[in-house]
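>>> Just the structure for this:
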Amino acid sequence: LLAVAEEKGGRLVAGALNLIGGDCLYGRNWGCIKQYDSLHFELCYYQAIEAAIERGLSRVEAGAQGQHKISRGYLPSLTFSSHYLRDPKFREAVRAAMSEEQQQILYTTAMLAIKDSPFKEDPSEHLAKQGIVVGKAEDEDE
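Model (predicted):
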């Protein structure tokens, strides 16, 4: 567990909670009592990266959602979860919705990584590690 906090005038004003895994730091919760310029990024991203480097961890997982993370070096990554839905009709409705949404998620993940990546390197390798293969459109000239 890694807690990062900020005080102003001797008063706790913000904090971030991270979980430390085998090779990864997982950012999970953030809170503040009022808005401070760039404090969210300092506590949740920059301090997390610094802590991961100090501990020899290979990566930082900043959590799902947030296109604003891309410009700070967090390329989109797929996340997974498992849920048991007791009601068979509800379970089937959720399965059908997730099936339809899956292709859009893959497309959006790839497009955001390609379009908004702050890195010089092509993000195709990052995407391929998640099973997303990016190739030329069929109508592109060779």
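
>>> Which strands or helices does the longest helix along the chain pack on?
In the chain, assigned by DSSP state H, the helix with the most residues is helix 88-116. Secondary-structure packing of helix 88-116 (3 or more CB pairs under 8 Å, 6 or more residues apart in numbering; DSSP states H and E): helix 124-128. Every C-beta, even on glycine, is put in place using the N, C-alpha and C of the backbone.

>>> and the helix it packs on, how far out from the chain's middle?
15 Å (CA atoms, centre = their mean, to the nearest Å).

>>> tell me which residues in it are buried?
Residues of helix 124-128 classed as buried: 126-127 (neighbour count, 16 or more other CB atoms under 10 Å).

>>> Name the residues that touch that helix?
For helix 124-128, the surrounding residues in contact (CB atoms under 8 Å, 6 or more residues apart in numbering) are 75, 77, 109-110, 113, 133-134.

>>> would a markdown table of the residues you listed with neighbour count be doable?
What follows is the contacts of helix 124-128, written out as a markdown table (neighbours: other CB atoms under 10 Å):
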| residue | neighbour count |
| --- | --- |
| L75 | 18 |
| S77 | 18 |
| T109 | 18 |
| A110 | 19 |
| A113 | 22 |
| V133 | 10 |
| V134 | 13 |
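
>>> quick one, strands of the protein?
2-8, 11-20, 24-32, 59-61 (DSSP state E).

>>> okay if I get these as JSON lines plus mean pLDDT and mean neighbour count?
As requested, the strands of the chain are exported to JSON lines (pLDDT from 0 to 100; neighbours: other CB atoms under 10 Å):
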{"stretch": "strand 2-8", "mean pLDDT": "95", "mean neighbour count": "14"}
{"stretch": "strand 11-20", "mean pLDDT": "96", "mean neighbour count": "16"}
{"stretch": "strand 24-32", "mean pLDDT": "92", "mean neighbour count": "16"}
{"stretch": "strand 59-61", "mean pLDDT": "89", "mean neighbour count": "18"}
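
>>> so what pLDDT did K34 get?
You'll see K34 listed with a pLDDT of 92.

>>> Could you tell me how far it is located from A16?
K34 is 16 Å from A16, where distance means CB to CB, to the nearest Å.

>>> just G131 next, same as before
For G131 relative to A16 (CB to CB), the value is 30 Å.
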